[in-house]
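K.L.:
Sequence and predicted structure, then a few things I'm wondering about:
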Amino acid sequence: MKASLLRSVRSAVSRSSSSNHLLRRSFGTESVPERKVTVLGAAGGIGQPLSLLMKLNPLVSRLALYDIAGTPGVAADVGHVNTRSEVTGYAGEEQLAKALEGSDVVIIPAGVPRKPGMTRDDLFNINAGIVKSLCTAIAKYCPNALVNMISNPVNSTVPIAAEVFKKAGTYDERKLFGVTTLDVVRAKTFYAGKANAPVSEVNVPVIGGHAGITILPLFSQATPKANLSDDTILALTKRTQDGGTEVVEAKAGKGSATLSMAYAGALFADACLKGLNGVPDVVECTFVQSTVTELPFFASKVKLGKNGVEQVLDLGTLSDFEKEGLEKLKPELKASIEKGIQFANAN
Ligand SMILES: NC(=O)c1ccc[n+]([C@@H]2O[C@H](COP(=O)([O-])OP(=O)(O)OC[C@H]3O[C@@H](n4cnc5c(N)ncnc54)[C@H](O)[C@@H]3O)[C@@H](O)[C@H]2O)c1
Ligand SMILES: O=C(O)C[C@H](O)C(=O)O
């Protein structure tokens, strides 16, 4: 295990172009920077497996697990895993500052999940307040951290976070991300099945937002190329858009996606850490402040670098079906963004 950890660290370092002043910890002859990652909502359905996956990530040196309760147990459990990071659990608001101080990446899966029959927007009334208070603390205790927002409705919680940071004078649009990686994970899985392609080789960009028709997979840009019928593309698009609901219904009242989300959240946080460490050409789809459409926030391919967003990539060529989907999603996404902005400024 130790040898394989060292191998992972070495390969991460060899892909990294970090300048020497960033390199503060040595592993034999190689070095990787110290990186603190904080998970807010770490005792939850997503939080627990996500914390485990972050513990397995050799780029993390300190892992802070925060929740309103239950985190000492999760931290004791995860902390016994013999990998690089030191794990600390923090429970209750009075410990939030310590959980956040010095953090490079804050991942937020805090808040209530859907039950069958609910939309993500039905979570707004509870989750908007949770996100607002957590982001107020981030602005105070780790204003330079990259924030990975998982809490739904992402189309509104990201604009809420932006407004909170603006009010605090700490907003840096390069550092705020709505995590839409699960849409990409699903699109890849579903496409691989239909295209009969090895799933590990599949790439599918997913743009727009993270709810229903605002999730727009671009199967015309999927690789490896496959000659799929219009009906198949339509079915794949719909399944990707309804992927969350598929899980919510299958769980029948016991919550929404947690395990696949933990995987997706860990992938995205890893990409952020690689970007921070100077690894070149790290590109992920994510919901960020954007000018690729007329909407102020939009998910598209984004190049990640030492300060977070390095470049928001344009959408590339869309099929007529995707162009239609893009126009259809805009009013809903616009309304969700505005709802978040209004909430943050009214409360
Ligand atoms: N972005 C995505 O793709 C995606 C995917 C799946 C789920 N989600 C969302 O993630 C959120 C969490 O889902 P879950 O299944 O883990 O729910 P969960 O109820 O299992 O866990 C949520 C955790 O948040 C904690 N929490 C509540 N208020 C908090 C606060 N103020 N500070 C810190 N922690 C707090 C709870 O104590 C709980 O442990 C939901 O909003 C869900 O809709 C998003
Ligand atoms: O569907 C949900 O409510 C959770 C999440 O957004 C998902 O896509 O699985």
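P.N.:
Received, thanks. Ligands and ions are numbered 1, 2, ... in the order given.

K.L.:
The residue of the stretch 51-200 of the chain found nearest ligand 2: neighbour count?
P.N.:
When distances are taken as CB to the nearest ligand atom, the stretch 51-200 of the chain reaches nearest to ligand 2 at Arg114, 3.8 Å away. Just so you know, the C-beta spots here come from the backbone N, C-alpha and C atoms, and that holds for glycine as well. Other residues near Arg114 number 23, with proximity taken as other CB atoms under 10 Å.

K.L.:
tell me the phi and psi of it?
P.N.:
Dihedral angles of Arg114 (phi, psi; degrees, to the nearest 10) stand at phi -70, psi 160.

K.L.:
Gly70 versus the residue in the stretch 1-150 of the chain positioned nearest to ligand 1, what's the distance?
P.N.:
Taking CB to the nearest ligand atom, ligand 1 has its nearest neighbour within the stretch 1-150 of the chain at Gly44, 2.1 Å off. Plainly put, Gly44 is 9 Å away from Gly70 if you go by CB to CB, to the nearest Å.

K.L.:
Settle it for me: which of these two has more neighbours?
P.N.:
Neighbour comparison, Gly44 and Gly70: the larger count goes to Gly44, with 24 against 16 (by other CB under 10 Å).

K.L.:
So that one is in contact with Asp67, correct?
P.N.:
Yes - look at Gly44 against Asp67 with CB atoms under 8 Å: they come within range, at 6.9 Å.

K.L.:
Now list whatever residues contact both of those two.
P.N.:
Common neighbours of Gly44 and Asp67 (criterion: CB atoms under 8 Å, 6 or more residues apart in numbering): Ala110.

K.L.:
quick one, what contacts the residue positioned nearest the centre of the chain?
P.N.:
In the chain, the centroid-proximal residue (CA atoms, centre = their mean) is Val179; its distance is 2.7 Å. By CB under 8 Å, 6+ apart, Val179 lies in contact with Ile107, Asn148, Met149, Ile150, Val154, His210, Ala264, Gly265, Phe268, Thr286, Phe287.

K.L.:
So what's the residue count around the fourth one?
P.N.:
Using other CB under 10 Å as the criterion, Ile150 is surrounded by 30 other residues.

K.L.:
what's near enough to touch it?
P.N.:
Counted by CB under 8 Å, 6+ apart, Ile150 has contacts Gly41, Ile46, Ile107, Ile108, Pro109, Val179, Met261, Gly265.

K.L.:
and those residues as JSON lines, adding secondary structure?
P.N.:
Shown next, in JSON lines, are those (DSSP: H, G, I helix; E, B strand; the rest coil):
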{"residue": "Gly41", "secondary structure": "coil"}
{"residue": "Ile46", "secondary structure": "coil"}
{"residue": "Ile107", "secondary structure": "strand"}
{"residue": "Ile108", "secondary structure": "strand"}
{"residue": "Pro109", "secondary structure": "coil"}
{"residue": "Val179", "secondary structure": "coil"}
{"residue": "Met261", "secondary structure": "helix"}
{"residue": "Gly265", "secondary structure": "helix"}
